[in-house]
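**Student:** Just a sequence and a predicted model for now, questions to come.
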Amino acid sequence: MTTGLFSHQSFESHVTGFGHPESPNRIRAVQKVLSTKKFDVLQRYVAPPATISQLSLVHDVSYIRNILSLIPTKGLERIDSDTILSPNSGEPLKRAAGAVVAAVDSVLGGDCGNAFCAVRPPGHHAEKYNAMGFCYFNNAAIGARYAQFKHGLKKVAVVDFDVHHGNGTQAAFWNDPSVFYASSHQFPLFPGTGAEHETGVGNIFNLPLHSNTTSRVFRDGWEARIFPALKSFTPELIIISAGFDAHYRDPLASLNLEEDDFAWITERLLNIANEHCAGRVVSTLEGGYDLDALQESVSVHVSELMRAGTANSSEF
């Protein structure tokens, strides 16, 4: 019942162009810190490619085929100014979603207590018919729908602490009370969604945060708004959209969180998972663009997952 790590070497091959913040160096930084002795106990898995049918749990098949058809044979293909395809993008796009699918299988099958998916590109901005914000397929939402479709779960929650609002996940869940989405994010900021009044059918909980928000405001907001709603939902699985760009050193936003905040929120989410769904948590990497801050934040996040997995395994 250890923590599973799902990743793949191909995540380095998705090239976005000189100076782009969502670069292969991000996954190299993550893999470097997770290869240190502290993380030797991780149960390591090769992330498989998601199938078209798995991707279509969230995205229209025509959209999926179109995205894959746009992958160039040379050079770069710009979907928009930020969202770019390169000749080797196909495998990373499919394996980023496939990592979450495989992690769901492993956690729900009891092979590991919880899991972290060290993937790129991120996914939470990707909508049913639209790629944007560095995202092509919505990895977390696909994992949630897969848990329902394949494993028969009736209630799955996605919680998101990336500094940007996960408009794609919100849109995918908007009219369905069997899924829950909660997000804290800087507001206003790209993509412009995530106001507190956006509530879906009572299953969407947004915590917009002003520029320069401190740890205390962030923590108080989660304690007052999101944690009670998550507990009331009583999820059978929690999927974390783990973005670390709310860190004070991140260049793409201006919140003032530190590594301790990511350790704190991970621990709190794991405690709720222990109360309601036997500790079943799958976390997947979203943003985080200062490489040192990303390494440090991933380190504390995965350390908390490992600690919880060890604690749960001692109960059996």
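**Tutor:** Perfect, I can see it now. Numbers count the residues shown, from 1 in each chain.

**Student:** residue ranges of the strands in the protein, please?
**Tutor:** Remark: strands assigned in the chain by DSSP state E are 3-7, 43-46, 77-78, 84-85, 114-117, 156-160, 179-186, 204-209, 237-242, 281-285.

**Student:** Out of these, the one nearest Glu127 is which?
**Tutor:** Glu127 sits nearest to strand 179-186 of all the strands of the chain, at 13.3 Å, using CB to CB. From N, CA and C alone the C-beta is placed, and that goes for glycine too.

**Student:** Show the contacting residues for Ala287.
**Tutor:** For residue 287 the amino acid is Gly, not Ala. For Gly287, the residues meeting the contact criterion (CB atoms under 8 Å, 6 or more residues apart in numbering) are 22, 122, 134, 162-164, 243-245, 250, 252.

**Student:** same thing but at 10 Å, please
**Tutor:** Gly287 is in contact with 21-22, 26, 120, 122, 124-125, 133-135, 161-164, 241-247, 250, 252-253, 294, counting by CB atoms under 10 Å, 6 or more residues apart in numbering.

**Student:** Once you drop chain neighbours, what's closest to the residue most central in space within the chain?
**Tutor:** Among the residues of the chain, Ser241 comes closest to the average C-alpha position under CA atoms, centre = their mean, at 2.6 Å. In space, and not counting its chain neighbours, Ser241 is closest to Asp160: 3.7 Å by CB to CB, 6 or more residues apart in numbering.

**Student:** quick revisit: dump the strands of the chain to CSV, plus mean pLDDT and distance to Ser299.
**Tutor:** As requested, the strands of the chain are arranged in CSV below (pLDDT from 0 to 100; distance: least, CB to CB, whole Å):
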stretch, mean pLDDT, distance to Ser299
strand 3-7, 98, 13
strand 43-46, 98, 16
strand 77-78, 98, 33
strand 84-85, 98, 29
strand 114-117, 98, 11
strand 156-160, 99, 20
strand 179-186, 98, 21
strand 204-209, 98, 24
strand 237-242, 99, 12
strand 281-285, 99, 13
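
**Student:** possible to save these as JSON lines with distance to Ala144?
**Tutor:** Listed next are these as JSON lines, based on distance: least, CB to CB, whole Å:
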{"stretch": "strand 3-7", "distance to Ala144": "16"}
{"stretch": "strand 43-46", "distance to Ala144": "19"}
{"stretch": "strand 77-78", "distance to Ala144": "29"}
{"stretch": "strand 84-85", "distance to Ala144": "25"}
{"stretch": "strand 114-117", "distance to Ala144": "13"}
{"stretch": "strand 156-160", "distance to Ala144": "4"}
{"stretch": "strand 179-186", "distance to Ala144": "6"}
{"stretch": "strand 204-209", "distance to Ala144": "14"}
{"stretch": "strand 237-242", "distance to Ala144": "5"}
{"stretch": "strand 281-285", "distance to Ala144": "9"}
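
**Student:** out of these, which comes closest to Ile226?
**Tutor:** Between Ile226 and the strands of the chain, the tightest spacing by CB to CB is seen for strand 179-186, at 4.5 Å.

**Student:** Just list what the closest one packs against, helices and strands only.
**Tutor:** Identification of packing neighbours for strand 179-186 by 3 or more CB pairs under 10 Å, 6 or more residues apart in numbering; DSSP states H and E yields helix 139-151, strand 156-160, helix 167-173, strand 204-209, helix 215-221, helix 227-233, strand 237-242.

**Student:** can I get those in TSV with distance to Met306?
**Tutor:** Written out in TSV, the entries for these read as follows (distance: least, CB to CB, whole Å):
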stretch	distance to Met306
helix 139-151	20
strand 156-160	19
helix 167-173	26
strand 204-209	27
helix 215-221	22
helix 227-233	22
strand 237-242	14
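
**Student:** can you tell which of these is closest to Val46?
**Tutor:** With CB to CB as the measure, helix 139-151 is the member of the helices and strands packed on strand 179-186 nearest Val46 (16.1 Å).

**Student:** C-alpha coordinates for that closest one, CSV please?
**Tutor:** C-alpha atoms of helix 139-151 as CSV (Å, rounded to 0.1, in the frame of the first residue of the first chain):
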residue,chain,number,x,y,z
ASN,A,139,-6.2,14.5,-17.5
ALA,A,140,-8.0,14.9,-14.1
ALA,A,141,-11.5,15.0,-15.5
ILE,A,142,-10.7,12.0,-17.7
GLY,A,143,-9.5,10.1,-14.6
ALA,A,144,-12.7,11.0,-12.7
ARG,A,145,-15.0,9.9,-15.5
TYR,A,146,-13.0,6.7,-16.0
ALA,A,147,-13.4,5.9,-12.3
GLN,A,148,-17.2,6.2,-12.8
PHE,A,149,-17.3,4.4,-16.1
LYS,A,150,-14.9,1.5,-15.4
HIS,A,151,-15.1,1.1,-11.7
